[in-house]
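In: just need the structure, nothing else, for what follows:
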Amino acid sequence: MTAVGPTLRVGIDIGGTKTHGVVIDEAGTIVEHWRSATGFGPHEVVAAAVTAVERLAEQRGVQASTFTSVGIGIPGRVDSRAGHVAHAVNLGLDDLDLGSQLEAMLGRSVRVENDVNAAALGAHHLLVPSESRSMAYLNLGTGLAAGLVLDGTLWRGARGVAGEIGHIPVDPRGELCACGQRGCLETLASGSALARLWPEGFVDGRPPLARELFASAESGAPAARRAADRIIENIAAAVRILVLTVDVDAVVIGGGLSSLGAPLLGGVRARLSADARTSPFLASLDLGERILLVPDGVDVAAVGAALVGAAGVAAPLQPSPALPRFAPVAPEVPV
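Out: Predicted coordinates:
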């Protein structure tokens with residue numbers, strides 16, 4: 001009888017500047033990881049993914065063909081069935097059959113998913129108690145979007161745009177958004193909103209960082225305080241939108257801005273508590289108690305990509321034990 005090898009799943013998170021790959025075992029624990037620059041354009045993106053899988057195999061002392069599954073998380077409009085990626089502007093991708101190209105080069109099936117959706121799966125597996133069947137992952141990076149896990153399953157919506165709450169207009173007279181609307185939530189509560197809300201933070205032409213904004217606000221600078229309050233207010237609005245729309249058990253905040261840690265989480269909870277004091281309806285929802293923050297050093301995106309690859313493969317992952325279990329991972333968006 002041929003011995004059955006260990007269940008090893010690969011997840012590759014392809015970001016605008018870095019590609020991070022992990023190998024997870026049957027319990028969902030990271031046993032290997034690899035990081036490299038992503039590059040720009042179709043050829044470079046494909047090469048970065050292939051290199052990550054090959055290096056992970058070398059580190060583990062196995063052949064890439066022995067991995068149980070391979071999953072990819074990548075920005076842009078993703079057809080997860082076909083493995084097709086479109087409109088990933090920051091990667092220089094407009095029309096790429098990523099899944100089929102990687103399958104041809106790696107000699108095995110590859111599943112591809114939008115990066116925020118993949119991170120949602122990772123966050124649900126790693127951070128949410130097993131009895132909680134629903135979760136929204138609120139990604140606060142350069143943009144703002146959410147991934148939804150309902151009844152333990154990723155919910156993409158009828159046309160794959162479920163969770164695109166960053167393009168809900170909250171100020172019809174506000175700034176023009178890249179989507180063509182005005183006053184979208186993304187223009188007021190994301191990394192790209194910092195420079196717009198705090199122009200005083202520019203240094204030698206460099207846009208301000210979130211840590212600089214919150215440090216300046218803490219020191220008492222009025223303009224910084226107003227900008228920080230505005231960002232907190234609109235992140236709280238995003239949490240409210242998610243709960244009022246799908247009534248999830250938990251809202252997990254991740255992305256580059258989440259590395260602000262306690263100031264961000266405390267500020268959002270304080271804002272939600274203040275709103276609840278004037279609204280018995282909001283008070284009944286316990287919004288602040290539903291929020292979790294991705295801990296620093298926990299890469300939900302790469303783990304989620306591995307879970308994407310595991311979809312439809314035998315030997316499902318066991319419920320995740322308590323954190324921490326992971327090597328430090330830098331945030332995608334500078335803060």
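In: from what I can see A120 touches G147, true?
Out: Yes. Proximity of A120 to G147 meets the contact threshold set by C-beta atoms under 8 Å, at 2.7 Å. Yep, even glycine has a C-beta here, placed from its N, CA and C like the rest.
In: which residues do these two both contact?
Out: Both A120 and G147 are contacted by A136, Y137, L154, G163, under the criterion C-beta atoms under 8 Å, 6 or more residues apart in numbering.
In: which one among those residues gets closest to G41?
Out: G163 (27.4 Å; C-beta to C-beta).
In: OK, contacts around that closest one?
Out: Counted by C-beta under 8 Å, 6+ apart, G163 has contacts V116, N117, A120, A136, A145, A146, G147, L148, G157.
In: and for P199, the neighbour number?
Out: 12 (other C-beta atoms under 10 Å).
In: for the one 10 residues further on, same thing?
Out: Applying other C-beta under 10 Å, we find 17 residues neighbouring L209.
In: now do stretch 305-312: distance to the chain's middle.
Out: 16 Å (C-alpha atoms, centre = their mean, to the nearest Å).
In: for that stretch, buried residues please.
Out: A305, A306, L307, V308, G309, A310 (16 or more other C-beta atoms under 10 Å).
In: reformat the residues you listed as a markdown table; add pLDDT.
Out: Putting these into a markdown table (pLDDT from 0 to 100) gives the following:
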| residue | pLDDT |
| --- | --- |
| A305 | 94 |
| A306 | 93 |
| L307 | 91 |
| V308 | 89 |
| G309 | 84 |
| A310 | 77 |
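In: re earlier: the shared contacts of A120 and G147 in strands, which ones?
Out: The strands, defined by DSSP state E, take in A136, Y137, L154 from the shared contacts of A120 and G147.
In: among these, who's most crowded?
Out: Of those, with other C-beta under 10 Å as the count, Y137 tops at 34 neighbours.
In: any idea how far the closest residue to that residue other than its chain neighbours is from L307?
Out: Closest residue to Y137 apart from its sequence neighbours, by C-beta to C-beta, 6 or more residues apart in numbering: A120 at 3.7 Å. According to C-beta to C-beta, to the nearest Å, A120 and L307 sit 10 Å apart.
In: closest one of the shared contacts of A120 and G147 to T66?
Out: L154 (26.6 Å).
In: contacting residues around L264?
Out: F214, I232, I235, I253, L257, S258, L293.
In: is it possible to export those to TSV including neighbour count?
Out: Below are those laid out as TSV (neighbours: other C-beta atoms under 10 Å):
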residue	neighbour count
F214	23
I232	22
I235	26
I253	24
L257	27
S258	24
L293	20
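In: keep only those of the residues you listed that are in strands.
Out: I253, L293.
In: now the contacts of L264 in a markdown table, with pLDDT and distance to T66?
Out: Listed next are those as a markdown table, based on pLDDT from 0 to 100; distance: C-beta to C-beta, whole Å:
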| residue | pLDDT | distance to T66 |
| --- | --- | --- |
| F214 | 93 | 46 |
| I232 | 95 | 47 |
| I235 | 95 | 43 |
| I253 | 96 | 36 |
| L257 | 89 | 38 |
| S258 | 90 | 35 |
| L293 | 94 | 36 |
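In: helix, strand or coil for V10?
Out: strand (DSSP: H, G, I helix; E, B strand; the rest coil).
In: that one contacts H20, correct?
Out: No. Applying C-beta under 8 Å, one finds V10 not in contact with H20, separated by 11.5 Å.
In: which residue ranges form the helices in the stretch 201-335 of the chain?
Out: 210-218, 222-246, 262-277, 280-283, 300-310 (DSSP state H, counting those that start in this stretch).
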